[in-house]
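[1] Got a sequence here, can you model it:
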Amino acid sequence: MAEQLKREPGLFKRLSKVPGVSALLPLLVLVIILSLTTKTFLTPDNLMNVLRQAAIYAIMATGMTFVLLTGGVDLSQGSVLALCSVTCCMALNATGNMWIAILVAVATGAVIGFINGTAVAYIKLPPFIMTLGSLYMVRGFTLYITKSTQVSFRGQDAFRFIGQGSLLGIPFPVYVFILVGILAMVFLTYTATGRNIFAVGSNRVSAQLSGVKVNKITVLVYTLSASCVGVAAVVYLARLTAAQPTAGESYEMEAIAAAVVGGTSQAGGEGGVLGSLIGAVIIAVIRNGLVLLGVGSYFTKIVVGLIIVLAVALDVTRRRFAVNK
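    This is a model prediction of the structure:
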């Protein structure tokens, strides 16, 4: 027994070093509070609904994590979600093949991400300005090609299953965001390119002097970010069966909030996908809890905004203390 107690601190210490694990604590606190203040939060149907809602945020937050790790930001995600869902729906109606439609959605996102990354890397536009401009341009283009009307599809039960189906009692979108998260974690942890992403965020100049192709890494992370949005758009469309040109408004803020709450530093170089996935669940739990408590939807925006500010403030404070030590 004594030997087990001696080993436990080492185990906990190792677990605490896993990026994102610390986000489990606020999630646990939220679950306890909502289970005590509401009657329906812990019901299986409501928990599955929370996970289904978290799926889109989690997939987008995974993409956002790549960008934030390099010290950048992608404000165009919400608009890209709308365009990808529209192109996916159009391809689905035109071909009747869901795999082609999925490929079109992801490719649409990848092209926009590539353009954003190229402008940031080679033209040296600030990420905030470039992706803010993309936010408006992509949204305007989406409204133009749809003539400001929604695009819907009929039938396609297999495609609809992606957003509405369940497997072993768990919503299928949950499997999608877990798969995306696992692939992203493996990429960041076990590949040289993944380690270079952290290097660029930690110190761009040092990374370049060490032989890291910083510009190519920058283009890559924005391409990955928008590609993840393309995957999220597929889940979004499959769930709603209609693509709205106004869809995804402020979703980029949800993705940023999820990533930052999950421990990814807005200054770059620190964080991970696991924390972003947990952060996305936290955001979904907060939204669901406020609805169950009968709080107005406007208050949800206040809470999410406050979460972003507090998370960044904590990160800045932590870094300041680390420098002063």
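[2] what's the burial count for Thr223?
    By other CB atoms under 10 Å, 22 other residues sit near Thr223. Heads up, the C-betas are built off the backbone N, CA and C, glycines and all.
[3] My read is that it contacts Phe114, right?
    Yes - counting by CB atoms under 8 Å, Thr223 touches Phe114, with 4.8 Å between them.
[4] Can you verify my assumption that Thr193 contacts Val219?
    No - under the criterion of CB under 8 Å, Thr193 is not in contact with Val219, lying 11.9 Å apart.
[5] So if I had to pick from the two, which one is more boxed in?
    Neighbours per residue (other CB under 10 Å) separate Thr193 from Val219, with Val219 holding more: 21 against 14.
[6] give the contact list for that one.
    Counting by CB atoms under 8 Å, 6 or more residues apart in numbering, Val219 touches 114, 117-118, 121.
[7] Tell me where the model's unsure across this protein.
    Along the chain, segments meeting pLDDT under 70 span 1-21, 296-297, 315, 318-319, 321-325.
[8] Next, the contact list for the residue most central in space within it, please.
    The centroid of the chain falls nearest to Ala61 when counting by CA atoms, centre = their mean (1.2 Å). For Ala61, the contacting residues are 254-256, 258-259, 262, 276-277, 279-280, by CB under 8 Å, 6+ apart.
[9] Could you export those as TSV, including secondary structure, neighbour count and distance to Val295?
    Output for the contacts of Ala61, formatted as TSV (DSSP: H, G, I helix; E, B strand; the rest coil; neighbours: other CB atoms under 10 Å; distance: CB to CB, whole Å):
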residue	secondary structure	neighbour count	distance to Val295
Glu254	helix	26	17
Ala255	helix	35	22
Ile256	helix	28	22
Ala258	helix	33	20
Ala259	helix	35	24
Gly262	coil	31	24
Ser276	helix	36	25
Leu277	helix	30	25
Gly279	helix	33	21
Ala280	helix	32	20
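[10] ok, of those residues, which one's closest to Val106?
    Of all the contacts of Ala61, Ala255 has the smallest distance to Val106: 16.8 Å, by CB to CB.
[11] State the distance from the closest one to Ala184.
    For Ala255, the distance to Ala184 equals 13 Å [CB to CB, to the nearest Å].
[12] Repeat that for Ala247.
    Following CB to CB, the distance that separates Ala247 from Ala184 is 23 Å.
[13] Pro245 now?
    According to CB to CB, Pro245 and Ala184 sit 28 Å apart.
[14] again, but for Val260
    17 Å.
[15] same question, Pro171
    20 Å.
[16] still on that earlier bit, check which helix or strand covers the residue nearest to the centre of the chain.
    helix 44-69 (DSSP states H and E).
[17] buried sites along whatever helix or strand comes next after that helix?
    Of the helices and strands lying after helix 44-69 in sequence (DSSP H and E), the nearest is helix 77-95. Applying a neighbour-count criterion of 16 or more other CB atoms under 10 Å, one finds 77-92 buried in helix 77-95.
[18] So which other helices or strands are in contact with the next helix-or-strand element following helix 77-95?
    Sequence-wise, the next helix or strand downstream of helix 77-95 (DSSP H and E) is helix 98-122. Packing contacts for helix 98-122, counted by 3 or more CB pairs under 8 Å, 6 or more residues apart in numbering; DSSP states H and E, involve helix 77-95, helix 127-146, helix 157-164, helix 214-240.
[19] and with 6 Å instead?
    helix 77-95, helix 127-146, helix 214-240 (3 or more CB pairs under 6 Å, 6 or more residues apart in numbering; DSSP states H and E).
[20] Let me know which of those helices is the nearest to Val176.
    helix 214-240 (5.8 Å).
[21] tell me the SS of Ser265?
    Applying DSSP: H, G, I helix; E, B strand; the rest coil to Ser265 yields a three-state assignment of coil.
[22] rewinding a little: how about the contacts of Ala61, which pair is most distant?
    Ile256 and Leu277 (14.4 Å).
[23] what's stretch 147-163 in contact with?
    86, 89, 92-93, 98, 235, 238-239, 242-244 (CB atoms under 6 Å, 6 or more residues apart in numbering).
[24] can I get those in a markdown table with distance to Ser166?
    Formatted as a markdown table, those follow (distance: CB to CB, whole Å):
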| residue | distance to Ser166 |
| --- | --- |
| Val86 | 26 |
| Cys89 | 23 |
| Leu92 | 22 |
| Asn93 | 26 |
| Met98 | 18 |
| Val235 | 14 |
| Ala238 | 13 |
| Arg239 | 12 |
| Ala242 | 21 |
| Ala243 | 23 |
| Gln244 | 24 |
